[in-house]
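Trainee: compute the structure for the input listed below.
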Amino acid sequence: MLTDLTLREFAQDLGSEKPAPGGGSASGLVGSLAASLVKMVAHLSGEGQDELIDRSQSLADELLDLVNSDTEAFNQVMAAFRLPKSTDEEKQSRRKEIQAATRLATEVPLKIAERSLEVLALAKEMAFHGNKNALSDAGVAGLLGVAACRGAAYNVLINLPGLKDEEFVAACRKRLTELLQEAERFEETIGSHVYGALS
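Mentor: I've put the predicted structure just below:
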């Protein structure tokens with residue numbers, strides 16, 4: 001499991017000649033770090049933060065799980081492409097497996113983007129209402145949340161051309177547009193507030 005590695009081991013694995021882990025897993029990790037920073041700021045912000053602490057911990061855990069899921073999904077795509085294709089039956093079975101694996105490899109980063117957007121909402125809450133001495137930390141949580149959302153979106157987009165289900169592809173594109181527009185709004189709101197307060 002990627003999440004069982006040390007930070008140094010994960011970085012080395014990410015930088016190896018293997019195609020996975022890659023950008024999707026990295027986005028999941030960045031999103032989890034953003035959620036953890038939000039949780040830290042909430043801890044430093046006094047009473048009344050229990051719900052936000054619990055939600056940020058839940059998001060951090062889910063995003064860490066998605067680090068593993070993204071690489072597992074990519075490996076399934078690679079395994080599907082290696083299936084035999086000597087007969088018509090084998091070719092048909094292989095095509096079906098490739099489509100299923102590619103769909104999964106699309107759904108996982110889409111979920112990373114969605115969860116990262118939830119982290120951004122919490123980061124905004126902490127930037128505006130959290131401990132002012134930890135404002136820079138809330139700001140970094142916002143930056144990381146945006147990076148995770150956009151990075152995951154790239155990993156959705158790269159898989160869409162390989163999918164034959166036009167309805168699913170259209171739904172993914174529509175959802176991504178919504179997610180990225182909302183992430184951009186969070187980026188502007190959090191960034192302007194944090195930069196203005198610290199300048």
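
Trainee: longest single helix anywhere in the chain?
Mentor: Using DSSP state H to define each element, the chain has its longest helix at helix 88-129.

Trainee: quick check: mean pLDDT of that one?
Mentor: Throughout helix 88-129, pLDDT has a mean value of 97.

Trainee: after it, which helix or strand is next?
Mentor: helix 135-157 (DSSP states H and E).

Trainee: taking their axis directions, that next one and helix 88-129 sit at what angle?
Mentor: 160 degrees (axes from the mean of the first three to the mean of the last three C-alpha atoms, to 10 degrees).

Trainee: list the helices and strands helix 135-157 packs on?
Mentor: helix 23-43, helix 88-129, helix 166-198 (3 or more C-beta pairs under 8 Å, 6 or more residues apart in numbering; DSSP states H and E). C-beta coordinates here come from the backbone N, C-alpha and C atoms, glycine included.

Trainee: quick revisit: and the longest helix of the chain, what does it pack against?
Mentor: Against helix 88-129 (3+ C-beta pairs under 8 Å, 6+ apart) you get helix 23-43, helix 50-81, helix 135-157, helix 166-198.

Trainee: still on that earlier bit, could I get the helices and strands packed on helix 135-157 in JSON lines, plus columns for distance to Met1?
Mentor: Listed next are these as JSON lines, based on distance: least, C-beta to C-beta, whole Å:
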{"stretch": "helix 23-43", "distance to Met1": "11"}
{"stretch": "helix 88-129", "distance to Met1": "15"}
{"stretch": "helix 166-198", "distance to Met1": "27"}
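
Trainee: looking at these, which is nearest to Val77?
Mentor: Nearest to Val77, of all those, is helix 88-129, at 4.3 Å by C-beta to C-beta.

Trainee: centroid residue for this structure?
Mentor: The geometric centre of the chain, computed from its C-alpha atoms, lies nearest to Ile112 (C-alpha atoms, centre = their mean), at 3.0 Å.

Trainee: residues contacting that one?
Mentor: Gly24, Ser27, Gly28, Gly31, Leu63, Leu66, Asp70, Ala148, Cys149, Ala152, Asn155 (C-beta atoms under 8 Å, 6 or more residues apart in numbering).
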